[in-house]
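>>> prediction below, plus the sequence it came from.
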Amino acid sequence: MAFRRAFSSSSQFRHPSSRNSTLSCLSDHRKFEELIDVLCQQKRIKEAVDLLHRIHQPSPRVYSTLIAVCARHRFLELGKTVHAHTKASKFIPGIVISNRLLHMYFKCGSFIDAQMVFDEMPQKDLCSWNTMISGYANRGQFEKARKLFDEMPQRDNFSWNAVISGYVSHGRHREALDLFRMMQENESSNSNMFTLSSALAAAAAIPSLRLGKEIHGYLIRTELELDEVVWTALLDLYGKCGSLDEARGIFDQMANRDVVSWTTMIHRCFEDGRKKEGFSLFRDLMGSGVRPNEYTFAGVLNACADLAAERVGKEVHGYMTRVGYDPCSFAASALVHVYSKCGNTEIARRVFNQMPRPDLVSWTSLIVGYAQNGQPDMALHFFELLLRSGTKPDEITFVGVLSACTHAGLVDKGLEYFHSVKEKHGLVHTADHYACVIDLLARSGRFNEAENIIDNMPMKPDKFLWASLLGGCRIHGNIELAERAAKALFEIEPENPATYITLANIYANAGLWTEVSKVRKDMDNRGIVKKPGKSWVEIKRQVHVFLVGDTSHPKISDIHEYLGELSKKMKEEGYVPDTNFVLHDVEEEQKEQNIFYHSEKLAVAFGIISTPPGTPIKVFKNLRTCVDCHTAMKYISKIVQRKIIVRDSNRFHCFEDGSCSCKDYW
């Protein structure tokens with residue numbers, strides 16, 4: 001207020017003489033300039049610029065202040081007004097103000113104005129050249145940046161780094177490394193931490209372990225004291241190049257590990273299949289004092305989803321709840337994903353409902369989760385809610401919707417959704433959409449429609465489509481079409497045993513044992529071995545794995561004895577072993593014995609004898625469950641009064657009181 005009163009009184013000054021008038025004018029100029037400073041501090045930039053017209057000849061400091069504040073707030077038009085005023089007042093800017101103009105124009109995205117200022121500058125210093133080069137490089141205009149770089153009379157580290165980092169940030173990694181080599185050969189240039197981290201990032205992105213090791217070797221030879229950014233770049237390099245042991249060696253050498261380095265190392269372990277090491281590192285992180293971020297949580301939870309490790313997912317969820325997490329983050333979406341993938345749709349929905357604005361990933365995870373868990377009505381219900389929410393579905397969402405229709409046998413509804421992908425939502429059909437609709441039609445025996453779609457597809461059918469068709473042929477015994485599908489699969493992936501086994505099963509079910517022998521002989525000639533069925537169950541925090549006919553488990557005698565008792569009770573209830581798909585042409589009694597020791601039956605039996613009555617049993621299997629096991633599980637669930645959940649390679653089957661959630665449509 002004191003300043004405003006002083007400024008107000010200055011307008012009442014009288015000017016009795018020329019000398020007094022000059023002094024008064026200078027005083028007014030100072031007050032105007034001081035007022036401009038105050039307005040800039042208050043972010044009243046337009047008012048500050050307007051005051052320029054009240055000053056006859058502003059000082060360089062005023063111009064410099066106004067240009068800097070316009071750059072900071074990206075006020076291009078106001079910045080142009082200040083620049084125009086310098087010309088109108090006949091002010092000739094020096095190098096410092098000219099450089100500020102360059103910076104302002106680049107920050108505001110006006111490259112043409114920046115280039116004009118640069119071209120008009122009678123003198124240019126290193127800062128002028130660097131501002132132009134970094135301005136162009138940061139915005140991907142590399143031809144202009146490189147031309148200026150090659151023309152500049154001298155360069156410093158900033159010049160080299162500007163172009164190298166620009167190349168890296170815009171995916172031109174080899175050019176970045178070429179320039180880095182040129183820098184190494186330049187005697188007057190010394191790489192700093194920024195240069196080295198950019199070069200390592202380029203080598204990691206290619207990825208090139210050899211080039212990365214060359215840079216690492218340079219670091220060792222020069223004995224540079226590395227900062228956290230370079231350490232993390234080295235860690236990322238070895239991880240992306242698949243050299244996880246070396247990445248772990250770098251990680252163990254780091255004195256100060258931040259959340260980025262922890263997250264990078266943990267994620268690389270999961271990507272390389274070293275799940276135990278990944279989870280162990282995450283537990284170490286929780287005890288390190290470094291707080292995980294949403295990317296850390298999301299990576300660990302996605303690994304839990306891929307491995308169906310619900311218990312670990314719950315532990316992570318508990319930790320997230322204790323330390324607090326953003327319900328709108330990637331981590332929240334990953335929670336929905338992990339619970340959906342592990343068959344716990346109740347908790348998945350609870351987490352989903354806590355999200356203020358669920359993203360598309362969360363919607364899709366929940367829809368797919370319901371579809372795979374035998375709740376197609378809920379899947380389609382949430383899809384309709386998604387549409388009403390204004391969220392636009394993508395191609396992956398429709399895979400979940402079509403899968404729900406497939407599992408429920410909703411053929412006409414599924415076809416309606418399939419056609420809506422393009423006609424209503426403006427999306428492009430993907431290979432997965434075609435595979436889903438063929439699965440839908442083939443399961444229901446509508447083979448003519450399936451063949452018509454296959455013959456008129458705009459793309460070449462992939463292995464998933466042919467496998468879906470082959471699966472439908474197995475259900476309905478369509479030998480002719482099965483042979484067409486198998487022939488296509490043999491061409492795409494001749495080493496996949498699943499095709500041979502399924503085709504052999506179809507022949508076996510039809511009693512065509514000569515054809516079965518031909519398939520088995522073909523497998524033997526090609527050296528193809530059937531992938532063993534493997535099931536696992538977690539009891540008291542320990543995972544127990546079983547193979548078909550397994551005798552290695554310490555409780556195997558108890559398991560076999562219990563299965564024998566169950567077999568008698570099941571047959572009393574009306575169970576008849578389904579031996580149609582047993583490949584060997586052997587006696588019926590031997591067939592029954594073969595199928596009764598399938599891995600999921602062993603796992604379920606062990607789960608029952610190892611837990612109190614009424615405890616739900618959850619078993620995971622690496623292959624599709626067979627018809628007989630599916631039937632047997634319904635009888636077992638009723639006899640022992642337990643909920644039995646079997647997650648096979650396709651979906652969840654929830655057996656309860658003699659029925660399955662899939663309603664026998666699988």
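Noted; the coordinates are in hand.

>>> from now on I want contacts and neighbour counts done on CA atoms only, so please keep to that.
Fine.

>>> strands along the protein, start to end?
534-539, 542-547, 617-621, 644-647, 652-656, 659-660 (DSSP state E).

>>> may I see the ones you listed organised as a markdown table, with mean neighbour count added?
Listed next are the strands of the chain as a markdown table, based on neighbours: other CA atoms under 10 Å:
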| stretch | mean neighbour count |
| --- | --- |
| strand 534-539 | 20 |
| strand 542-547 | 16 |
| strand 617-621 | 23 |
| strand 644-647 | 25 |
| strand 652-656 | 24 |
| strand 659-660 | 20 |
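
>>> dump the ones you listed into CSV; add distance to Ile559 as well.
CSV is the format used below for the strands of the chain (distance: least, CA to CA, whole Å):
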stretch, distance to Ile559
strand 534-539, 14
strand 542-547, 11
strand 617-621, 15
strand 644-647, 17
strand 652-656, 20
strand 659-660, 24
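
>>> can I get these in a markdown table with mean pLDDT and distance to Tyr136?
Shown next, in a markdown table, are the strands of the chain (pLDDT from 0 to 100; distance: least, CA to CA, whole Å):
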| stretch | mean pLDDT | distance to Tyr136 |
| --- | --- | --- |
| strand 534-539 | 92 | 57 |
| strand 542-547 | 92 | 57 |
| strand 617-621 | 93 | 55 |
| strand 644-647 | 93 | 54 |
| strand 652-656 | 91 | 54 |
| strand 659-660 | 91 | 63 |
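
>>> so which of these gets nearest Val421?
Checking those against Val421 by CA to CA gives strand 652-656 as the closest, at 26.3 Å.

>>> out of the strands of the chain, nearest to His56?
strand 652-656 (81.1 Å).

>>> tell me which strands that closest one pairs with, and in which orientation.
strand 644-647 (antiparallel), strand 659-660 (antiparallel) (DSSP bridges).

>>> so who does the closest residue to Ala176 other than its chain neighbours touch?
Spatially, and ignoring its direct neighbours in sequence, Ala176 is nearest to Ile164 (4.8 Å; CA to CA, 6 or more residues apart in numbering). Ile164 sits next to Glu175, Ala176, Leu177, Leu179, Phe180, Thr195, Ser198, Ala199 when contact means CA atoms under 8 Å, 6 or more residues apart in numbering.

>>> most neighbours out of those, which is it?
Ala199 (29 neighbours; other CA atoms under 10 Å).

>>> so that one touches Leu179, yeah?
No. Ala199 lies out of contact with Leu179 (CA atoms under 8 Å); the separation is 9.4 Å.

>>> excluding chain neighbours, what is closest to Thr397?
Nearest to Thr397 is Thr364, by CA to CA, 6+ apart, at 5.1 Å.

>>> number of residues surrounding that neighbour?
Thr364, neighbours per other CA under 10 Å, totals 26.

>>> tell me how far it lies from Leu385.
In this view, Thr364 and Leu385 are 12 Å apart by CA to CA, to the nearest Å.

>>> same question, Gly287
Where Leu385 is concerned, Gly287 sits at a distance of 41 Å (CA to CA).

>>> these two: who's more crowded?
Leu385 (13 against 10).

>>> any idea of the pLDDT on the more buried one?
The confidence metric pLDDT takes the value 96 at Leu385.

>>> over to Lys43?
88.

>>> can you check His15 too?
39.

>>> for Ser208, same thing?
93.

>>> for Leu200, see how far away it is.
10 Å.

>>> higher neighbour count, the two?
Leu200 (31 against 16).

>>> report the contact partners of the more buried one.
Applying CA under 8 Å, 6+ apart, the residues contacting Leu200 are Gly212, Ile215, Ala233, Leu234, Leu237.

>>> now do Met355
Per CA under 8 Å, 6+ apart, neighbours of Met355: Pro327, Cys328, Ala332.

>>> next, the contact list for the last one, please.
This points to Ala332. Ala298, Tyr325, Asp326, Val351, Phe352, Met355.

>>> show the buried residues in these.
Buried subset of the contacts of Ala332 (neighbour count, 16 or more other CA atoms under 10 Å): Ala298, Tyr325, Val351, Phe352, Met355.

>>> from Phe382, how far off is the last one?
Going back to what we said before, that points to Met355. Distance of Met355 to Phe382, computed by CA to CA: 15 Å.

>>> got it, and the second one?
Going from Tyr325 to Phe382 by CA to CA gives 25 Å.

>>> lowest mean pLDDT among the helices and strands, pick that one out for this protein.
Taking mean pLDDT, DSSP states H and E as the measure, the chain has helix 2-10 as its least confident helix or strand, at a mean of 39.
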